[in-house]
Every structure is written in structure tokens, then in C-alpha cells.
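>>> A predicted structure for the sequence below; I have some questions about it.
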Amino acid sequence: MGGNAPMIRTACIDADNPIPAEAQCKVDQVDRRGSLVTRAMTCNSPRGEIHAAGSARYASNTMEGTVTTRVPGANGQPIDTPGHIAGRYIAPCDTK
């Protein structure tokens with residue numbers, strides 16, 4: 001099999017805070033149409049701004065979608081990287 005190894009991450013997110021705070025990102029656009037959510041966000045990194053846009057379909061306690069991330073390249077030209085995302089509800093966020 002080719003491609004990158006899957007990255008697994010656990011984070012506390014909800015409708016009011018859809019991006020984990022440690023990500024240093026801001027949501028630029030969100031559009032909800034039924035179970036389909038389309039979004040765009042901008043994140044800060046040492047190399048410059050990273051832009052990500054994609055969509056995901058939510059069903060019961062799972063979600064699955066695609067995202068394209070645009071990162072600054074070494075020569076100043078942006079590099080677009082497509083990816084697949086999937087997630088599932090584990091439990092309510094710890095309120096501590």
C-alpha cells in the first residue's frame with residue numbers, strides 16, 4: 001500500500017468549538033446542509049499560514065470526509081495536499 005500512515009488523534013470538540021484550541025486555527029467558513037458540513041480554516045505555523053478546506057458527512061456518531069490542505073512550499077509556491085478524514089464520537093468532553 002502507498003501513501004502516508006494514518007494519523008490518529010483524540011480531541012474535545014463541539015458545535016461551539018469545532019477546532020481544538022491547541023491547533024492555533026480559526027474557522028473561516030462553515031456551511032451546514034443536512035448531514036453535510038463544508039468548511040474552510042486558516043492555521044498558523046512557523047512556515048506561514050496553512051489553509052484547509054473540505055467537507056464531511058455526519059451520520060449517527062461518525063463522520064467521514066475529505067480535506068485539501070495548502071501549505072507553504074520551500075520555494076514559496078504553495079503545495080496542495082488532499083486527504084481523507086474520519087472520526088467518531090467517544091464521550092462527552094471532560095468539563096474539568
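The structure has been received and is ready for your questions.
>>> which residues of this protein fall in strands?
For the chain, the strands defined by DSSP state E occupy 25-33, 36-43, 50-59, 62-72, 78-88.
>>> need the pLDDT of Met41.
The pLDDT attached to Met41 in the predicted structure is 93.
>>> that one touches Glu49, doesn't it?
No: at 10.4 Å, Met41 and Glu49 do not qualify as touching, with contact defined as Cβ atoms under 8 Å. Where C-beta positions appear, they are placed from N, C-alpha and C, glycine not excepted.
>>> which one's more surrounded, those two?
Of the pair Met41 and Glu49, Met41 is the one with more neighbours under other Cβ atoms under 10 Å, namely 20 against 13.
>>> just for this structure, where's the confidence low?
For the chain, applying pLDDT under 70 flags the ranges 1-4, 15-19, 21-22, 95-96.
>>> so which of the strands of the chain is nearest Ile8?
Closest of the strands of the chain to Ile8 is strand 78-88, at 10.1 Å (criterion: Cβ to Cβ).
>>> what packs against that closest one?
Other elements packing on strand 78-88 under the criterion 3 or more Cβ pairs under 8 Å, 6 or more residues apart in numbering; DSSP states H and E are strand 62-72.
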